[in-house]
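> Turn this into a structure:
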Amino acid sequence: MGKIRFFHVADLHLDSPFIGLKHLPKEVFERIHNSTFASFEKVVREAIVRQIDFMIISGDLFDEEDRSIRAQAKLLKQFNLLHSNEIPVYVVHGNHDHLGSYRLELDMPDNIHIFNAETEVKQLTVKNGTTVDIVGFSYGKRHIQERRVADYPKRYDDRYTIGILHGSEGSVHSSHETYAPFSIRELLEKNYHYWALGHIHERQILHEEPYIVYPGNIQGRHRKETGEKGCYEVVLDHHHTELTFIPTHDLMWRTCRVSLQAVQRFGEIFQRIQQALESLEKGNVLIEVILTDDESLTQDMAAKIENGDLLEALQSEYGSQQGLKWIHSIRWNHTQASRGIEQDPFRQEVMETLESMGEEDWKDALAEMYEHPSIYRFLDPLKEEEKKSLIEETERLLHNKG
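Numbering: from 1, shown residues only. Here you go, the predicted structure:
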């Protein structure tokens with residue numbers, strides 16, 4: 001078997017709505033809204049430059065079931081570029097863009113090979129004559145809780161076999177819903193040369209030789225998806241595998257911690273944050289500033305942070321710079337200084353209500369959505385961590401004026 005070179009890409013989530021950021025200035029929001037498309041354009045450019053033999057996309061090309069024509073047209077343009085460079089693409093659809101969803105479809109070029117809802121083997125022969133079996137399935141519906149690995153055939157000895165699976169490994173702790181669960185042992189029993197996983201947005205290598213890999217998503221979509229995002233270039237050379245991570249993010253989400261220890265003036269807070277931001281890497285970044293050690297703050301200084309004045313000043317300062325360095329929120333622990341601030345009664349009541357809500361209260365509050373005939377089937381039950389995240393986000397919006 002000769003050497004083969006391919007890209008392992010997953011979780012494009014094209015046309016992500018970034019709903020929680022719609023309050024941002026229009027030009028900033030548009031830049032963020034287009035970031036998933038820009039990221040996939042980087043993937044395609046790198047694929048062409050590196051002259052890969054083929055590309056694998058392990059699910060969730062689109063963010064929504066009723067994928068927009070705009071998103072499909074942008075994807076088609078990139079697929080046509082790959083077609084003109086003789087690069088085939090092997091695609092499985094995941095829980096976000098499953099085959100059973102309603103959609104208007106644009107015709108794809110013949111280099112695009114989409115897996116059906118039943119597990120199947122697609123075979124190709126690359127330019128050096130090496131044969132590759134690629135095994136996988138697309139989600140036929142949004143929720144697949146059953147184990148599907150048993151449907152994957154064992155490999156033949158005379159060719160490479162690569163498995164594609166959009167699902168959840170049992171030991172991986174994630175905020176993502178559990179779909180098509182599997183264990184590392186189950187995958188190893190198939191004796192494949194490589195497992196191209198999708199669904200988990202954090203980059204993880206679960207096993208080496210054979211490699212079992214989550215490449216993560218190509219573009220972070222919210223403040224918890226920080227750091228570099230991208231895909232893997234994989235080179236298989238018989239019994240040896242070489243992985244190269246390729247950053248493709250258009251924007252990077254970052255947290256920036258700033259100590260306020262011994263601060264005497266409000267201007268010092270602004271200066272310390274500026275200094276911390278200057279130390280961040282170049283490029284387009286969306287930043288959450290986390291303030292620590294606020295014990296020396298006066299009530300007046302704390303109030304200016306609480307009411308959003310500091311955030312507004314920082315956004316005014318950095319919003320006019322070339323490129324994008326946008327502070328989307330300020331978070332702090334509200335220790336000594338904030339205890340003496342007169343609390344907004346409305347804010348206090350909202351937070352006390354949210355924090356005291358029991359299971360039945362949550363059901364009542366969300367009943368209109370979960371019982372809506374057009375929406376209910378797309379919704380998963382809220383987990384405790386998701387409820388906690390909603391409460392934290394509400395508090396952030398109240399502190400920072402939305």
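> Now do the same for the closest residue to residue 105 other than its chain neighbours: helix, strand or coil?
Closest residue to residue 105 apart from its sequence neighbours, by C-beta to C-beta, 6 or more residues apart in numbering: residue 72 at 7.1 Å. In short, each C-beta sits where N, CA and C put it, glycine included. Following DSSP: H, G, I helix; E, B strand; the rest coil, we place residue 72 in the helix state.
> what's the pLDDT at residue 72?
What the model reports for residue 72 is a pLDDT of 88.
> Pull the number of nearby residues for it.
When neighbours are counted by other C-beta atoms under 10 Å, residue 72 registers 20.
> is it fair to say residue 116 lies in a helix?
No: under three-state DSSP, residue 116 falls outside any helix and is assigned coil.
> burial measure for it, as a count.
Other residues near residue 116 number 13, with proximity taken as other C-beta under 10 Å.
> Could you check how far residue 35 is from residue 230?
Residue 35 sits 13 Å away from residue 230, going by C-beta to C-beta, to the nearest Å.
> sorry, back to before: doesn't residue 112 make contact with the residue nearest to residue 105?
No: at 11.9 Å, residue 72 does not count as touching residue 112 under the criterion of C-beta atoms under 8 Å.
> for the residue nearest to residue 11 when sequence neighbours are not counted, what are its contacts?
Spatially, and ignoring its direct neighbours in sequence, residue 11 is nearest to residue 217 (3.8 Å; C-beta to C-beta, 6+ apart). Contacts for residue 217 (C-beta atoms under 8 Å, 6 or more residues apart in numbering) come out as 10-13, 201, 225, 229.
> Now list the buried members of the residues you listed.
10-13, 201, 225, 229 (16 or more other C-beta atoms under 10 Å).
> okay, these in a markdown table with pLDDT and secondary structure next?
Converted to a markdown table, the buried ones among the contacts of residue 217 look like this (pLDDT from 0 to 100; DSSP: H, G, I helix; E, B strand; the rest coil):
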| residue | pLDDT | secondary structure |
| --- | --- | --- |
| 10 | 96 | coil |
| 11 | 92 | coil |
| 12 | 92 | coil |
| 13 | 90 | coil |
| 201 | 92 | coil |
| 225 | 90 | coil |
| 229 | 96 | coil |
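> ranges for the strands of the stretch 251-400 of the chain?
252-259, 285-292, 325-332 (DSSP state E, counting those that start in this stretch).
> can you put those in a markdown table and add mean neighbour count and mean pLDDT?
Shown next, in a markdown table, are the strands of the stretch 251-400 of the chain (neighbours: other C-beta atoms under 10 Å; pLDDT from 0 to 100):
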| stretch | mean neighbour count | mean pLDDT |
| --- | --- | --- |
| strand 252-259 | 17 | 92 |
| strand 285-292 | 20 | 91 |
| strand 325-332 | 20 | 87 |
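> Using JSON lines, lay out those strands together with distance to residue 60.
What follows is the strands of the stretch 251-400 of the chain, written out as JSON lines (distance: least, C-beta to C-beta, whole Å):
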{"stretch": "strand 252-259", "distance to residue 60": "18"}
{"stretch": "strand 285-292", "distance to residue 60": "21"}
{"stretch": "strand 325-332", "distance to residue 60": "24"}
